[in-house]
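Q: below: sequence and its predicted model.
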Amino acid sequence: MKRTIRAQLIAVFISLIALALILIAVINYCWLGRYYVYHKQNILEDAYEELNRADSFEEGFSSTVLKMTSTGNLSVAVTDPSFAVITSTSRDGRNMAIRLLGYYTGWYQDKLMVLEKNDHYVVQQSFDKAVNLEYLEMWGILDSGNCFLIRTPLESIQESVRLSNLFFIVVGLLVVILSAGGIWLFAKKFTQPVTELTEISRRMTNLDFEAKYKGKSKNEIDILGDNFNLMSEELEKTISELKTANVELQKDIEKKTQIDEMRKDFLNNVSHELKTPIAFIQGYAEGLKDNINEDEESREFYCDVIIDESAKMNAMVKKLLTLNQLEFGNDQVQMEHFNLTALIRGILQSSDILIQQKSADILFEYNTPIYAWGDEYKVEEVITNYLTNALNHLKYEKKIEIRIQENDGILRTSVFNTGDPIPEEDIDKIWIKFYKVDKARTREYGGSGIGLSIVKAVMDSMNQQCGVKNYENGVEFWFTLESK
């Protein structure tokens, strides 16, 4: 390759850098001196303003003026209206007074170039034959009626410009040399992926699909390399298309089998849960029909059993419907800012009879309002589930403690009850539909194993968390809500 991309990049970059340096050098040469003169002119104007503020010059210049003359290399002379020297910063104050007189009378006009002129002063460039130097001068009259002359030599400015241009040329050459080296390294790194792609394309022409582009620069060349990789993969996929299709078909069959198993498990669980109450209802109903017990008290007992079992079935069906709506997203969440403390106290009040029956000692010591964001109706269902669960598993001291803790805008509400801890092998399964740790005890208080599944679905619908924690003397269930 006679003209490589690397050589072209180096040539273009060096040309651009050289052009930029030349342009800056021209601007520097043509306008830097003018800029220095303009800057010095501003210094003269500042000195004039400081002189104008002085009431008199009997004790000489102020410290500010002396500092300005020192740092700005200025010579200042002030005369009375008859051009007698009042004070001066240099030994040739008399010569400056004579020059000032010449400016006022107009007889001294040799090599003068006026830069600015107004009612108070004149700014000009002049040439002093006595010292063979060019000066920037300001002369005029102060508000006090005294005359003044301020001058600074331009030789230092011209020397500074010359040194600046020389320094810029040297630095510019160094920059060009260093840039050439840097550009060479950059061009080498830049063209390396292109060379790699060329080799990959050569191997692909020989049906070698193992070659892969491995660049990580995330630029257009990497996109091209990724497309090379995709093309190689697609060609390889074509060769093994039948095998891939068979694997995918097997996965679909396994997935369908898994769904069928889940459906069977669900139907078995529902059938199992409904079988016992239906058997009770059928048996006691037949007993009533056959008049097995003719006394009024027995008939009342039979009717109570039928009503109780019907209520359990009704509650389970409602829970299943609620869970189904939550899991399929049909039950829309209504987010609102509500008083969590008041909600819990309302639940405790409505559950007072059950609490008394269980002889439970409730600890809830929050009186000030604590506000949270969430669906108040669904949160009420979660707390009710936790409280009911705690009452049904209450043992030993029979204490239930409800706590609310806030951390970084997150409220953690927990319900703790004294009792037996949940076995470790069951603690991750209690959120599964129909799962029961102690089936005999669950049946005893009419549980269906759906309550905690509803809790999990409710918290998921609000993008919040829930969980359980074992203690030596009991179990704590918790959930989170946002406070802001």
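A: Nice, thanks for sending it over.
Q: do a quick rundown of the strands in this protein.
A: For the chain, the strands defined by DSSP state E cover 75-79, 85-88, 113-117, 121-128, 133-141, 147-153, 336-339, 361-363, 371-374, 399-407, 410-418, 466-471, 474-482.
Q: the second one - contacts with which helices or strands?
A: Counting contacts by 3 or more Cβ pairs under 8 Å, 6 or more residues apart in numbering; DSSP states H and E, the secondary-structure elements packed against strand 85-88 are strand 75-79, helix 93-105. For glycine as for every other residue, the C-beta is placed from the backbone atoms N, C-alpha and C.
Q: next, the contact list for the nearest residue to Ile98 once chain neighbours are set aside, please.
A: Distances taken as Cβ to Cβ, 6 or more residues apart in numbering place Phe83 nearest to Ile98, at 7.8 Å, with adjacent residues excluded. Phe83 is in contact with Ala97, Ile98, Leu100, Leu101, Tyr104, Cys147, counting by Cβ atoms under 8 Å, 6 or more residues apart in numbering.
Q: got a PyMOL select line for the buried ones in the residues you listed?
A: One line in PyMOL is enough to select the buried ones among those; burial here means 16 or more other Cβ atoms under 10 Å:
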select buried, resi 97+100+101+147
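Q: and which of the contacts of Phe83 is nearest Ile177?
A: If you rank the contacts of Phe83 by distance to Ile177 using Cβ to Cβ, Leu100 comes first, at 53.4 Å.
Q: list the contacts for Ile183?
A: The neighbours of Ile183, taking Cβ under 8 Å, 6+ apart as the test, are Leu9, Ile10, Phe13, Ile14.
Q: which of those fall in helices?
A: Counting by DSSP state H, the members of those that fall within helices are Leu9, Ile10, Phe13, Ile14.
Q: could you measure from the nearest residue to the third one once chain neighbours are set aside over to Glu134?
A: Distance criterion Cβ to Cβ, 6+ apart; nearest residue to Phe13, sequence neighbours excluded, is Ile183 at 4.4 Å. With distances defined as Cβ to Cβ, to the nearest Å, the gap from Ile183 to Glu134 amounts to 44 Å.
Q: any stretches of the stretch 251-400 of the chain with poor pLDDT?
A: In the prediction, the stretch 251-400 of the chain carries residues with pLDDT under 70 at positions 255, 258-277, 279-280, 283-284, 286-295, 298-299, 302, 304-305, 308-331.
Q: residues in contact with the residue nearest to the spatial centre of the chain?
A: When the chain is reduced to its mean C-alpha position, the nearest residue by Cα atoms, centre = their mean turns out to be Asp408, at 17.5 Å. When the contact criterion is Cβ under 8 Å, 6+ apart, Asp408 has no partners at all.
Q: and it, backbone torsions?
A: Backbone torsions of Asp408, given as degrees, to the nearest 10, read phi 60, psi 50.
Q: separation between it and Leu340?
A: Distance check for Asp408 against Leu340: by Cβ to Cβ, it reads 17 Å.
Q: equivalent analysis for Trp107, please.
A: Computed as Cβ to Cβ, the Trp107 to Leu340 distance reads 98 Å.
Q: tabulate the strands of the chain (JSON lines), appending distance to Asn392.
A: Shown next, in JSON lines, are those (distance: least, Cβ to Cβ, whole Å):
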{"stretch": "strand 75-79", "distance to Asn392": "101"}
{"stretch": "strand 85-88", "distance to Asn392": "105"}
{"stretch": "strand 113-117", "distance to Asn392": "99"}
{"stretch": "strand 121-128", "distance to Asn392": "100"}
{"stretch": "strand 133-141", "distance to Asn392": "100"}
{"stretch": "strand 147-153", "distance to Asn392": "99"}
{"stretch": "strand 336-339", "distance to Asn392": "27"}
{"stretch": "strand 361-363", "distance to Asn392": "15"}
{"stretch": "strand 371-374", "distance to Asn392": "25"}
{"stretch": "strand 399-407", "distance to Asn392": "11"}
{"stretch": "strand 410-418", "distance to Asn392": "9"}
{"stretch": "strand 466-471", "distance to Asn392": "15"}
{"stretch": "strand 474-482", "distance to Asn392": "12"}
